[in-house]
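> my questions are about this predicted structure, shown below with the sequence.
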Amino acid sequence: MDDVNKYRLHTAESETPHDLGGWFDGQGGTTGLTTAQQDRACGAVLGTAIGDALGAGYEFGSAPVGPQGPAMIGGGLGGFAPGEWTDDTTMAWCILDVAASEIDLRSADGLDQIARNFRAWFDSHPPDIGNQTRSVLRMAGKDPTGATMAAIAGDLHARTGHTAGNGSLMRTAPVALPYLHAPDALTEAAKTISALTHHDLQAQEACVLWSHAIRHAILHGEFNLRSGLRHLNANSRTFWVETIDKAETADPSSFSPNGWVITALQAAWAAIHQTPIPTDDPRRHLEDALTRVIEIGDDTDTTAAIAGALLGARWGASAFPAEWRRISHGYPGLSGEQLVGLAHLAANRRPGVYGWPTVPLIDYSMYDIGIDPVPHPFDEGVLLADAAALEALPEEVSAIVSLCLLGSEQVPTDVEHVAFRLIDRADSESNPHLDFTLRDAAAAITTLRAEGHTVLLHCVAAQSRTPTVAIAYAMSLGVQLDEARRSVLAALPAANPNRGFEAALRRLQGEDEA
(Lines give C-alpha, C1' and ligand atoms only; values in the text may rest on other atoms or scores of the structure.)
Protein backbone atom coordinates (compact mmCIF):
# COMPACT_ATOMS: atom_id res chain seq x y z
CA MET A 1 0.00 0.00 0.00
CA ASP A 2 1.44 3.39 -0.95
CA ASP A 3 1.84 6.29 1.46
CA VAL A 4 -1.06 8.21 -0.03
CA ASN A 5 -3.48 5.39 0.71
CA LYS A 6 -1.94 4.78 4.12
CA TYR A 7 -2.69 8.33 5.10
CA ARG A 8 -6.11 8.61 3.42
CA LEU A 9 -5.34 12.08 2.10
CA HIS A 10 -7.55 14.92 3.17
CA THR A 11 -7.81 18.32 1.48
CA ALA A 12 -8.40 20.71 4.37
CA GLU A 13 -5.47 22.92 5.34
CA SER A 14 -4.77 25.37 8.13
CA GLU A 15 -2.13 27.99 8.75
CA THR A 16 -0.29 29.04 11.85
CA PRO A 17 3.08 30.65 12.65
CA HIS A 18 6.09 28.35 12.30
CA ASP A 19 6.89 28.57 16.00
CA LEU A 20 4.09 26.10 16.73
CA GLY A 21 6.03 23.26 15.06
CA GLY A 22 6.52 19.78 16.43
CA TRP A 23 4.92 16.43 15.66
CA PHE A 24 1.46 17.94 15.86
CA ASP A 25 0.14 21.34 16.77
CA GLY A 26 -2.76 22.99 18.51
CA GLN A 27 -4.99 22.98 15.47
CA GLY A 28 -7.83 21.11 17.04
CA GLY A 29 -9.88 20.69 13.90
CA THR A 30 -13.51 19.97 14.67
CA THR A 31 -12.60 18.58 18.11
CA GLY A 32 -10.82 21.67 19.45
CA LEU A 33 -8.12 19.66 21.20
CA THR A 34 -5.35 21.49 23.01
CA THR A 35 -1.73 20.83 22.15
CA ALA A 36 -1.34 18.60 25.22
CA GLN A 37 -4.51 16.68 24.41
CA GLN A 38 -3.27 16.04 20.89
CA ASP A 39 0.00 14.76 22.31
CA ARG A 40 -1.96 12.37 24.50
CA ALA A 41 -4.26 11.24 21.68
CA CYS A 42 -1.26 10.30 19.59
CA GLY A 43 0.33 8.72 22.64
CA ALA A 44 -2.49 6.20 22.97
CA VAL A 45 -1.64 4.59 19.64
CA LEU A 46 2.13 5.00 19.94
CA GLY A 47 1.90 3.49 23.43
CA THR A 48 0.21 0.40 22.03
CA ALA A 49 3.06 -0.08 19.55
CA ILE A 50 5.83 0.63 22.05
CA GLY A 51 4.38 -1.62 24.76
CA ASP A 52 3.74 -4.37 22.22
CA ALA A 53 7.29 -4.32 20.82
CA LEU A 54 8.78 -4.05 24.29
CA GLY A 55 6.86 -7.06 25.56
CA ALA A 56 7.23 -9.19 22.41
CA GLY A 57 10.61 -10.65 23.30
CA TYR A 58 9.40 -11.96 26.66
CA GLU A 59 6.07 -13.52 25.64
CA PHE A 60 5.36 -16.78 27.47
CA GLY A 61 8.88 -16.92 28.88
CA SER A 62 10.70 -16.53 25.56
CA ALA A 63 13.44 -14.64 27.43
CA PRO A 64 14.01 -13.59 31.02
CA VAL A 65 13.68 -9.93 31.97
CA GLY A 66 17.15 -8.80 33.02
CA PRO A 67 18.08 -6.65 36.05
CA GLN A 68 17.96 -3.51 33.91
CA GLY A 69 14.36 -4.22 32.96
CA PRO A 70 12.87 -5.11 29.57
CA ALA A 71 14.36 -3.91 26.29
CA MET A 72 13.29 -4.11 22.67
CA ILE A 73 15.16 -7.32 22.07
CA GLY A 74 12.89 -8.76 19.40
CA GLY A 75 12.45 -12.49 19.09
CA GLY A 76 9.52 -13.92 21.01
CA LEU A 77 7.09 -16.42 19.51
CA GLY A 78 7.05 -14.66 16.13
CA GLY A 79 10.77 -14.10 15.68
CA PHE A 80 10.22 -10.34 15.56
CA ALA A 81 12.91 -7.76 14.89
CA PRO A 82 13.85 -5.36 17.71
CA GLY A 83 11.18 -2.67 17.83
CA GLU A 84 8.75 -4.60 15.63
CA TRP A 85 5.16 -4.71 16.82
CA THR A 86 3.08 -7.88 16.74
CA ASP A 87 -0.54 -8.71 15.98
CA ASP A 88 -1.70 -6.47 18.83
CA THR A 89 -0.66 -3.24 17.12
CA THR A 90 -1.31 -4.55 13.62
CA MET A 91 -4.97 -5.11 14.47
CA ALA A 92 -5.08 -1.68 16.13
CA TRP A 93 -3.74 -0.24 12.86
CA CYS A 94 -6.53 -2.02 10.96
CA ILE A 95 -8.96 0.10 13.00
CA LEU A 96 -6.84 3.26 13.02
CA ASP A 97 -6.57 3.22 9.23
CA VAL A 98 -10.35 3.51 9.01
CA ALA A 99 -10.65 6.01 11.87
CA ALA A 100 -8.20 8.30 10.06
CA SER A 101 -10.39 8.31 6.95
CA GLU A 102 -13.37 10.11 8.53
CA ILE A 103 -15.59 7.04 8.20
CA ASP A 104 -17.70 6.30 11.28
CA LEU A 105 -16.29 3.12 12.78
CA ARG A 106 -19.80 2.01 13.77
CA SER A 107 -21.18 2.22 10.25
CA ALA A 108 -21.51 -0.75 7.91
CA ASP A 109 -18.87 0.81 5.67
CA GLY A 110 -16.50 1.35 8.59
CA LEU A 111 -16.92 -2.18 9.92
CA ASP A 112 -16.53 -3.63 6.43
CA GLN A 113 -13.25 -1.78 5.94
CA ILE A 114 -11.95 -2.94 9.31
CA ALA A 115 -12.89 -6.52 8.38
CA ARG A 116 -11.09 -6.22 5.05
CA ASN A 117 -7.99 -4.85 6.79
CA PHE A 118 -8.07 -7.77 9.20
CA ARG A 119 -8.34 -10.23 6.32
CA ALA A 120 -5.55 -8.62 4.27
CA TRP A 121 -3.27 -8.96 7.27
CA PHE A 122 -4.41 -12.57 7.79
CA ASP A 123 -3.56 -13.33 4.15
CA SER A 124 -0.02 -12.00 4.72
CA HIS A 125 0.59 -15.11 6.90
CA PRO A 126 1.54 -13.28 10.11
CA PRO A 127 3.90 -15.12 12.43
CA ASP A 128 1.70 -14.51 15.47
CA ILE A 129 -2.11 -14.46 15.62
CA GLY A 130 -4.55 -15.39 18.36
CA ASN A 131 -6.41 -18.66 18.02
CA GLN A 132 -9.85 -17.11 18.29
CA THR A 133 -9.08 -14.37 15.78
CA ARG A 134 -7.59 -16.93 13.40
CA SER A 135 -10.74 -19.05 13.58
CA VAL A 136 -13.05 -16.13 12.83
CA LEU A 137 -10.93 -14.79 9.97
CA ARG A 138 -10.52 -18.21 8.39
CA MET A 139 -14.28 -18.81 8.40
CA ALA A 140 -15.03 -15.28 7.20
CA GLY A 141 -13.53 -15.92 3.78
CA LYS A 142 -11.54 -13.81 1.37
CA ASP A 143 -13.75 -10.71 1.29
CA PRO A 144 -15.52 -10.50 4.65
CA THR A 145 -17.97 -7.87 5.76
CA GLY A 146 -18.28 -6.62 9.30
CA ALA A 147 -21.67 -8.32 9.58
CA THR A 148 -20.24 -11.62 8.39
CA MET A 149 -17.40 -11.52 10.90
CA ALA A 150 -19.69 -10.56 13.78
CA ALA A 151 -22.10 -13.38 12.91
CA ILE A 152 -19.28 -15.92 12.77
CA ALA A 153 -17.91 -14.68 16.10
CA GLY A 154 -21.41 -14.91 17.60
CA ASP A 155 -21.84 -18.46 16.34
CA LEU A 156 -18.44 -19.42 17.73
CA HIS A 157 -19.51 -18.11 21.11
CA ALA A 158 -22.80 -19.99 20.96
CA ARG A 159 -20.96 -23.23 20.19
CA THR A 160 -18.05 -22.91 22.61
CA GLY A 161 -18.95 -20.34 25.26
CA HIS A 162 -15.27 -19.38 25.28
CA THR A 163 -14.73 -16.14 23.38
CA ALA A 164 -13.49 -13.87 26.16
CA GLY A 165 -9.83 -13.81 25.19
CA ASN A 166 -7.76 -10.63 25.32
CA GLY A 167 -7.59 -10.22 21.53
CA SER A 168 -10.09 -7.37 21.18
CA LEU A 169 -8.91 -5.45 24.23
CA MET A 170 -5.36 -5.33 22.89
CA ARG A 171 -6.44 -3.40 19.78
CA THR A 172 -8.94 -0.95 21.26
CA ALA A 173 -6.72 2.16 21.61
CA PRO A 174 -7.70 3.88 18.33
CA VAL A 175 -11.43 3.40 18.93
CA ALA A 176 -11.56 6.31 21.37
CA LEU A 177 -9.98 8.86 19.04
CA PRO A 178 -12.92 9.76 16.77
CA TYR A 179 -15.31 9.87 19.74
CA LEU A 180 -13.49 12.03 22.29
CA HIS A 181 -16.56 14.28 22.54
CA ALA A 182 -19.16 11.56 21.96
CA PRO A 183 -19.04 9.09 24.89
CA ASP A 184 -22.20 7.19 23.95
CA ALA A 185 -20.91 6.69 20.42
CA LEU A 186 -17.62 5.48 21.87
CA THR A 187 -19.45 2.87 23.93
CA GLU A 188 -21.24 1.58 20.87
CA ALA A 189 -18.07 1.54 18.76
CA ALA A 190 -16.02 -0.28 21.42
CA LYS A 191 -18.61 -3.04 21.78
CA THR A 192 -19.29 -3.39 18.06
CA ILE A 193 -15.63 -3.58 17.05
CA SER A 194 -14.86 -6.05 19.82
CA ALA A 195 -17.72 -8.24 18.62
CA LEU A 196 -16.14 -8.62 15.19
CA THR A 197 -14.00 -11.37 16.70
CA HIS A 198 -14.83 -11.54 20.43
CA HIS A 199 -18.56 -11.87 21.03
CA ASP A 200 -18.42 -12.50 24.77
CA LEU A 201 -19.94 -9.64 26.78
CA GLN A 202 -16.94 -9.53 29.10
CA ALA A 203 -14.63 -8.84 26.17
CA GLN A 204 -16.95 -6.14 24.85
CA GLU A 205 -17.31 -4.47 28.25
CA ALA A 206 -13.57 -4.58 28.88
CA CYS A 207 -13.12 -2.68 25.62
CA VAL A 208 -15.73 -0.14 26.73
CA LEU A 209 -13.95 0.45 30.05
CA TRP A 210 -10.48 0.70 28.54
CA SER A 211 -11.63 2.91 25.67
CA HIS A 212 -13.34 5.29 28.08
CA ALA A 213 -10.26 5.31 30.31
CA ILE A 214 -8.19 6.27 27.26
CA ARG A 215 -10.71 9.00 26.38
CA HIS A 216 -10.63 10.34 29.93
CA ALA A 217 -6.83 10.33 30.04
CA ILE A 218 -6.61 12.20 26.72
CA LEU A 219 -9.12 14.87 27.72
CA HIS A 220 -8.20 15.31 31.39
CA GLY A 221 -4.63 14.09 31.77
CA GLU A 222 -5.40 11.61 34.52
CA PHE A 223 -6.02 7.90 35.04
CA ASN A 224 -9.60 6.83 35.77
CA LEU A 225 -10.59 3.30 34.82
CA ARG A 226 -13.97 3.85 36.50
CA SER A 227 -14.96 6.62 34.09
CA GLY A 228 -16.63 4.07 31.80
CA LEU A 229 -18.67 2.28 34.45
CA ARG A 230 -21.72 4.48 33.89
CA HIS A 231 -21.86 3.19 30.33
CA LEU A 232 -22.50 -0.37 31.52
CA ASN A 233 -25.68 -1.85 32.95
CA ALA A 234 -26.11 -2.13 36.71
CA ASN A 235 -25.31 -5.85 36.94
CA SER A 236 -22.14 -5.41 34.92
CA ARG A 237 -21.05 -2.43 37.00
CA THR A 238 -21.06 -4.53 40.16
CA PHE A 239 -18.83 -7.16 38.55
CA TRP A 240 -16.40 -4.62 37.12
CA VAL A 241 -16.10 -2.62 40.33
CA GLU A 242 -15.00 -5.80 42.09
CA THR A 243 -12.65 -6.63 39.22
CA ILE A 244 -11.04 -3.19 39.32
CA ASP A 245 -10.80 -3.21 43.12
CA LYS A 246 -8.91 -6.50 42.97
CA ALA A 247 -6.50 -5.13 40.37
CA GLU A 248 -5.76 -2.18 42.61
CA THR A 249 -5.08 -4.20 45.75
CA ALA A 250 -3.76 -7.65 44.79
CA ASP A 251 -0.13 -8.34 43.95
CA PRO A 252 0.25 -7.65 40.20
CA SER A 253 2.06 -10.98 39.79
CA SER A 254 -1.20 -12.75 40.65
CA PHE A 255 -2.68 -11.74 37.29
CA SER A 256 -0.99 -14.49 35.34
CA PRO A 257 -1.86 -16.30 33.16
CA ASN A 258 -3.54 -13.42 31.40
CA GLY A 259 -4.94 -14.69 28.11
CA TRP A 260 -8.44 -14.13 29.53
CA VAL A 261 -9.65 -10.57 28.97
CA ILE A 262 -10.34 -10.09 32.68
CA THR A 263 -6.87 -10.98 33.91
CA ALA A 264 -5.28 -9.13 30.98
CA LEU A 265 -7.11 -5.95 32.00
CA GLN A 266 -6.25 -6.53 35.65
CA ALA A 267 -2.57 -7.10 34.88
CA ALA A 268 -2.38 -3.87 32.88
CA TRP A 269 -4.32 -1.82 35.42
CA ALA A 270 -2.47 -3.29 38.42
CA ALA A 271 0.85 -2.31 36.86
CA ILE A 272 -0.37 1.20 36.10
CA HIS A 273 -2.22 1.84 39.36
CA GLN A 274 0.30 0.27 41.73
CA THR A 275 3.42 1.81 40.17
CA PRO A 276 4.34 5.06 41.97
CA ILE A 277 4.53 8.27 39.91
CA PRO A 278 8.00 9.80 40.47
CA THR A 279 7.80 13.38 41.69
CA ASP A 280 11.03 14.43 39.96
CA ASP A 281 10.03 13.06 36.53
CA PRO A 282 6.35 12.04 36.45
CA ARG A 283 6.45 10.78 32.86
CA ARG A 284 8.92 8.09 33.97
CA HIS A 285 5.86 6.35 35.41
CA LEU A 286 5.23 5.24 31.84
CA GLU A 287 8.51 3.34 31.66
CA ASP A 288 8.23 1.95 35.19
CA ALA A 289 4.67 0.68 34.65
CA LEU A 290 5.58 -0.99 31.35
CA THR A 291 8.45 -2.73 33.13
CA ARG A 292 6.10 -3.89 35.85
CA VAL A 293 3.47 -5.31 33.51
CA ILE A 294 6.06 -7.22 31.49
CA GLU A 295 7.55 -8.63 34.70
CA ILE A 296 4.13 -10.18 35.45
CA GLY A 297 4.87 -12.53 32.56
CA ASP A 298 2.72 -14.76 30.33
CA ASP A 299 1.17 -12.85 27.37
CA THR A 300 3.57 -9.96 27.77
CA ASP A 301 3.24 -8.31 24.37
CA THR A 302 -0.52 -8.07 24.80
CA THR A 303 -0.62 -6.88 28.41
CA ALA A 304 2.10 -4.33 27.63
CA ALA A 305 0.19 -3.16 24.53
CA ILE A 306 -2.96 -2.73 26.62
CA ALA A 307 -1.09 -0.89 29.37
CA GLY A 308 0.92 1.13 26.86
CA ALA A 309 -2.24 2.49 25.26
CA LEU A 310 -3.52 3.94 28.53
CA LEU A 311 -0.07 5.10 29.64
CA GLY A 312 0.42 6.87 26.32
CA ALA A 313 -3.03 8.44 26.59
CA ARG A 314 -2.06 9.84 30.00
CA TRP A 315 1.54 10.91 29.40
CA GLY A 316 1.53 11.59 25.66
CA ALA A 317 3.61 10.60 22.67
CA SER A 318 6.29 13.04 23.81
CA ALA A 319 6.91 10.90 26.92
CA PHE A 320 8.34 7.93 25.00
CA PRO A 321 12.14 7.83 24.69
CA ALA A 322 13.65 8.20 21.23
CA GLU A 323 15.55 4.97 21.91
CA TRP A 324 12.22 3.16 21.54
CA ARG A 325 10.55 5.41 19.00
CA ARG A 326 13.31 5.33 16.41
CA ILE A 327 13.06 1.55 15.92
CA SER A 328 9.28 1.20 16.32
CA HIS A 329 7.87 -0.41 13.17
CA GLY A 330 5.63 -3.13 11.83
CA TYR A 331 2.84 -4.23 9.50
CA PRO A 332 1.99 -2.86 6.95
CA GLY A 333 5.46 -1.34 6.58
CA LEU A 334 4.89 1.63 8.89
CA SER A 335 6.96 3.32 11.55
CA GLY A 336 5.77 4.43 14.95
CA GLU A 337 6.00 8.03 13.73
CA GLN A 338 3.52 7.22 10.96
CA LEU A 339 1.12 5.81 13.54
CA VAL A 340 1.38 9.17 15.29
CA GLY A 341 0.29 10.92 12.08
CA LEU A 342 -2.66 8.59 11.61
CA ALA A 343 -3.69 9.08 15.23
CA HIS A 344 -3.69 12.83 14.66
CA LEU A 345 -6.05 12.39 11.71
CA ALA A 346 -8.33 10.06 13.67
CA ALA A 347 -8.60 12.45 16.63
CA ASN A 348 -8.96 15.66 14.61
CA ARG A 349 -10.84 14.44 11.54
CA ARG A 350 -8.57 16.54 9.33
CA PRO A 351 -4.89 17.36 8.87
CA GLY A 352 -3.19 19.90 11.10
CA VAL A 353 -1.02 22.90 10.38
CA TYR A 354 0.58 22.96 6.89
CA GLY A 355 -1.56 19.94 5.99
CA TRP A 356 0.56 17.61 8.15
CA PRO A 357 0.66 14.59 8.09
CA THR A 358 -0.88 14.15 4.65
CA VAL A 359 1.53 16.25 2.56
CA PRO A 360 4.80 14.99 1.07
CA LEU A 361 6.61 18.30 1.62
CA ILE A 362 6.05 21.26 3.94
CA ASP A 363 7.13 24.53 2.34
CA TYR A 364 8.71 26.83 4.93
CA SER A 365 9.98 29.33 2.34
CA MET A 366 7.59 32.01 3.66
CA TYR A 367 9.91 32.34 6.66
CA ASP A 368 13.33 33.93 6.77
CA ILE A 369 15.33 30.74 6.35
CA GLY A 370 18.23 29.59 4.23
CA ILE A 371 21.29 29.82 6.47
CA ASP A 372 24.22 27.62 5.63
CA PRO A 373 24.54 24.69 8.06
CA VAL A 374 27.18 25.43 10.68
CA PRO A 375 29.20 22.96 12.76
CA HIS A 376 28.26 22.58 16.39
CA PRO A 377 30.96 24.48 18.35
CA PHE A 378 31.74 21.40 20.44
CA ASP A 379 31.25 18.66 17.85
CA GLU A 380 31.91 19.24 14.15
CA GLY A 381 30.04 16.03 13.37
CA VAL A 382 26.79 17.81 14.27
CA LEU A 383 25.55 20.48 11.86
CA LEU A 384 23.09 23.17 12.99
CA ALA A 385 20.60 24.35 10.40
CA ASP A 386 17.10 25.46 9.51
CA ALA A 387 14.58 23.56 7.39
CA ALA A 388 16.04 24.87 4.13
CA ALA A 389 19.02 22.56 4.62
CA LEU A 390 16.78 19.62 3.76
CA GLU A 391 16.50 20.88 0.19
CA ALA A 392 20.26 20.59 -0.35
CA LEU A 393 21.38 18.15 2.29
CA PRO A 394 25.16 18.15 2.85
CA GLU A 395 26.63 14.95 1.46
CA GLU A 396 28.20 13.94 4.75
CA VAL A 397 24.88 13.96 6.65
CA SER A 398 23.60 10.45 7.37
CA ALA A 399 21.16 11.24 10.19
CA ILE A 400 18.68 14.05 10.81
CA VAL A 401 17.21 15.17 14.12
CA SER A 402 14.09 17.22 13.45
CA LEU A 403 12.41 19.58 15.90
CA CYS A 404 9.56 20.63 13.59
CA LEU A 405 6.93 19.11 11.34
CA LEU A 406 8.06 17.63 8.04
CA GLY A 407 6.29 16.12 5.06
CA SER A 408 6.36 12.39 4.44
CA GLU A 409 8.97 12.72 1.66
CA GLN A 410 11.09 15.51 3.13
CA VAL A 411 13.84 13.27 4.48
CA PRO A 412 15.68 10.88 2.10
CA THR A 413 14.82 7.26 2.79
CA ASP A 414 18.48 6.31 3.22
CA VAL A 415 19.00 8.86 6.02
CA GLU A 416 18.29 7.98 9.64
CA HIS A 417 15.57 10.29 10.97
CA VAL A 418 14.57 10.99 14.58
CA ALA A 419 11.77 13.49 15.22
CA PHE A 420 10.99 15.29 18.46
CA ARG A 421 7.85 17.06 19.54
CA LEU A 422 9.13 20.47 20.58
CA ILE A 423 6.91 23.54 20.23
CA ASP A 424 8.42 27.02 20.36
CA ARG A 425 6.27 28.33 23.16
CA ALA A 426 7.31 29.28 26.67
CA ASP A 427 4.25 27.85 28.48
CA SER A 428 4.47 24.46 30.11
CA GLU A 429 1.23 23.25 28.51
CA SER A 430 2.78 23.23 25.03
CA ASN A 431 5.73 21.04 26.06
CA PRO A 432 4.56 18.95 29.03
CA HIS A 433 7.84 17.01 29.21
CA LEU A 434 10.24 19.73 28.14
CA ASP A 435 13.18 18.81 30.38
CA PHE A 436 12.94 15.18 29.31
CA THR A 437 12.66 16.13 25.64
CA LEU A 438 15.84 18.20 25.79
CA ARG A 439 17.74 15.44 27.57
CA ASP A 440 16.36 12.81 25.22
CA ALA A 441 17.21 14.80 22.09
CA ALA A 442 20.75 15.31 23.35
CA ALA A 443 21.00 11.59 24.13
CA ALA A 444 19.73 10.70 20.64
CA ILE A 445 22.42 12.86 19.05
CA THR A 446 25.03 11.20 21.27
CA THR A 447 23.81 7.75 20.18
CA LEU A 448 23.79 8.69 16.51
CA ARG A 449 27.31 10.07 16.75
CA ALA A 450 28.48 6.89 18.51
CA GLU A 451 27.01 4.93 15.58
CA GLY A 452 29.21 6.94 13.22
CA HIS A 453 26.59 9.33 11.84
CA THR A 454 27.10 12.94 10.85
CA VAL A 455 23.98 14.58 12.25
CA LEU A 456 21.95 17.51 10.97
CA LEU A 457 20.01 19.17 13.80
CA HIS A 458 17.28 21.52 12.62
CA CYS A 459 13.96 23.22 13.25
CA VAL A 460 12.17 25.67 10.93
CA ALA A 461 14.34 28.77 11.34
CA ALA A 462 17.15 27.71 13.75
CA GLN A 463 16.16 30.53 16.07
CA SER A 464 14.85 28.87 19.24
CA ARG A 465 14.53 25.09 19.14
CA THR A 466 17.75 24.25 17.30
CA PRO A 467 20.00 26.38 19.54
CA THR A 468 18.24 25.07 22.67
CA VAL A 469 18.87 21.43 21.80
CA ALA A 470 22.38 22.29 20.61
CA ILE A 471 23.07 23.83 24.02
CA ALA A 472 21.59 20.80 25.78
CA TYR A 473 23.83 18.55 23.67
CA ALA A 474 26.90 20.59 24.61
CA MET A 475 25.92 20.29 28.27
CA SER A 476 25.65 16.52 27.87
CA LEU A 477 29.29 16.62 26.72
CA GLY A 478 30.25 18.29 29.98
CA VAL A 479 30.21 21.94 28.86
CA GLN A 480 28.83 24.40 31.39
CA LEU A 481 25.63 26.20 30.47
CA ASP A 482 27.11 29.69 30.12
CA GLU A 483 29.89 28.53 27.83
CA ALA A 484 27.56 26.28 25.82
CA ARG A 485 25.02 29.06 25.37
CA ARG A 486 27.62 31.67 24.40
CA SER A 487 29.27 29.40 21.84
CA VAL A 488 26.06 28.11 20.23
CA LEU A 489 24.57 31.58 19.94
CA ALA A 490 27.80 32.83 18.38
CA ALA A 491 27.50 30.08 15.76
CA LEU A 492 23.85 31.01 15.13
CA PRO A 493 23.72 34.82 15.42
CA ALA A 494 19.93 34.99 14.91
CA ALA A 495 19.28 32.48 17.70
CA ASN A 496 17.08 33.52 20.62
CA PRO A 497 15.71 30.62 22.71
CA ASN A 498 12.41 31.46 24.36
CA ARG A 499 12.25 32.03 28.11
CA GLY A 500 10.68 28.60 28.75
CA PHE A 501 13.57 26.89 26.96
CA GLU A 502 16.09 29.05 28.82
CA ALA A 503 14.52 28.03 32.14
CA ALA A 504 14.66 24.36 31.15
CA LEU A 505 18.36 24.67 30.32
CA ARG A 506 18.98 26.19 33.74
CA ARG A 507 17.16 23.26 35.31
CA LEU A 508 19.36 20.88 33.35
CA GLN A 509 22.36 22.72 34.75
CA GLY A 510 20.86 22.28 38.22
CA GLU A 511 20.32 25.98 38.84
CA ASP A 512 17.31 27.55 40.48
CA GLU A 513 14.70 28.38 37.87
CA ALA A 514 14.47 31.95 39.16
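Sure thing, it's come through.

> contacts for the helix or strand hosting Ala504?
Using DSSP states H and E, Ala504 falls within helix 499-509. Outside helix 499-509, the residues that touch it by CB atoms under 8 Å, 6 or more residues apart in numbering are 425-428, 431, 434-435, 438-439, 464-465, 468, 471-472, 475, 480-481, 485, 497, 512-513. The C-beta positions use only the backbone N, C-alpha and C, and glycine is treated the same way.

> pretty sure Ala484 contacts Ile471?
Yes - counting by CB atoms under 8 Å, Ala484 does reach Ile471; the two are 4.7 Å apart.

> these two: which is more packed in?
Under the criterion of other CB atoms under 10 Å, the comparison of Ala484 against Ile471 puts Ile471 first, with 30 against 24.

> now for the strand or helix carrying the more buried one, which elements pack on it?
Using DSSP H and E, the element containing Ile471 is helix 465-476. In terms of contacts (3 or more CB pairs under 8 Å, 6 or more residues apart in numbering; DSSP states H and E), helix 465-476 is packed against strand 374-376, strand 379-385, helix 434-450, strand 455-458, helix 481-491, helix 499-509.

> and the first one, what does it pack onto?
Applying 3+ CB pairs under 8 Å, 6+ apart, one finds that strand 374-376 makes contact with strand 379-385, helix 465-476, helix 481-491.

> for Thr238, find the nearest of those.
With distances scored as CB to CB, the stretch of the helices and strands packed on strand 374-376 nearest to Thr238 is helix 465-476 (51.5 Å).

> which residue ranges of the chain form strands?
329-330, 334-335, 374-376, 379-385, 399-402, 416-419, 455-458 (DSSP state E).

> all helices for the stretch 101-250 of the chain, in order.
For the stretch 101-250 of the chain, the helices defined by DSSP state H, counting those that start in this stretch occupy 108-123, 131-140, 146-160, 183-194, 201-220, 234-249.

> in JSON lines: those helices, plus mean pLDDT, distance to Gly407 and mean neighbour count.
Below are the helices of the stretch 101-250 of the chain laid out as JSON lines (pLDDT from 0 to 100; distance: least, CB to CB, whole Å; neighbours: other CB atoms under 10 Å):
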{"stretch": "helix 108-123", "mean pLDDT": "98", "distance to Gly407": "25", "mean neighbour count": "19"}
{"stretch": "helix 131-140", "mean pLDDT": "95", "distance to Gly407": "35", "mean neighbour count": "19"}
{"stretch": "helix 146-160", "mean pLDDT": "96", "distance to Gly407": "34", "mean neighbour count": "17"}
{"stretch": "helix 183-194", "mean pLDDT": "98", "distance to Gly407": "31", "mean neighbour count": "22"}
{"stretch": "helix 201-220", "mean pLDDT": "98", "distance to Gly407": "26", "mean neighbour count": "25"}
{"stretch": "helix 234-249", "mean pLDDT": "97", "distance to Gly407": "43", "mean neighbour count": "14"}
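
> let's have those in TSV, adding distance to Gly69.
Converted to TSV, the helices of the stretch 101-250 of the chain look like this (distance: least, CB to CB, whole Å):
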stretch	distance to Gly69
helix 108-123	30
helix 131-140	30
helix 146-160	37
helix 183-194	31
helix 201-220	23
helix 234-249	22
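
> so which of those helices gets nearest Asp414?
Using CB to CB, the nearest of those to Asp414 is helix 108-123, at 27.8 Å.

> quick one: contacts of the closest one?
Residues outside helix 108-123 that contact it (CB under 8 Å, 6+ apart): 87, 90-91, 93-95, 97-98, 101, 103-105, 129, 133-134, 137-138, 140-150, 192-193, 196-197, 331-332.

> chain center to it: distance?
Distance of helix 108-123 from the chain centroid (CA atoms, centre = their mean, to the nearest Å) equals 22 Å.

> and for stretch 417-433?
With CA atoms, centre = their mean as the basis, stretch 417-433 stands 15 Å off its chain's centre.

> how far does it stretch from start to finish?
21 Å (CA to CA, to the nearest Å).

> okay, buried residues for it please.
Judged by neighbour count (16 or more other CB atoms under 10 Å), stretch 417-433 contains these buried residues: 417-426, 430-433.

> low-confidence ranges in the stretch 1-150 of the chain?
Scanning the stretch 1-150 of the chain with the threshold set as pLDDT under 70 gives 1-31.

> meant to ask about the stretch 351-500 of the chain
The low-confidence ranges in the stretch 351-500 of the chain, as defined by pLDDT under 70, are absent entirely.

> and among the helices and strands packed on helix 465-476, the most buried is which?
Comparing these by mean neighbour count (mean count of other CB atoms under 10 Å), strand 455-458 ranks first with a mean of 26.

> strand partners (parallel or antiparallel) of that strand?
strand 379-385 (parallel), strand 399-402 (parallel) (DSSP bridges).

> next one: phi and psi at Val479?
Phi and psi for Val479, reported as degrees, to the nearest 10, are phi -80, psi 140.

> where do the domain boundaries of this structure fall?
Domain ranges of the chain: 26-348, 374-509, per automatic domain parsing.

> TSV please, covering these and showing distance to Leu361.
Shown next, in TSV, are these (distance: least, CB to CB, whole Å):
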stretch	distance to Leu361
domain 26-348	15
domain 374-509	4
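
> what's the closest of those domains to Pro360?
The closest of those to Pro360 is domain 374-509. By CB to CB, the value is 4.0 Å.

> quick check: the residue with the largest distance to the centre of the chain vs Gln463, distance?
The outermost residue of the chain, judged against the average C-alpha position, is Arg159 (37.7 Å), by CA atoms, centre = their mean. For Arg159, the distance to Gln463 (CB to CB, to the nearest Å) stands at 66 Å.
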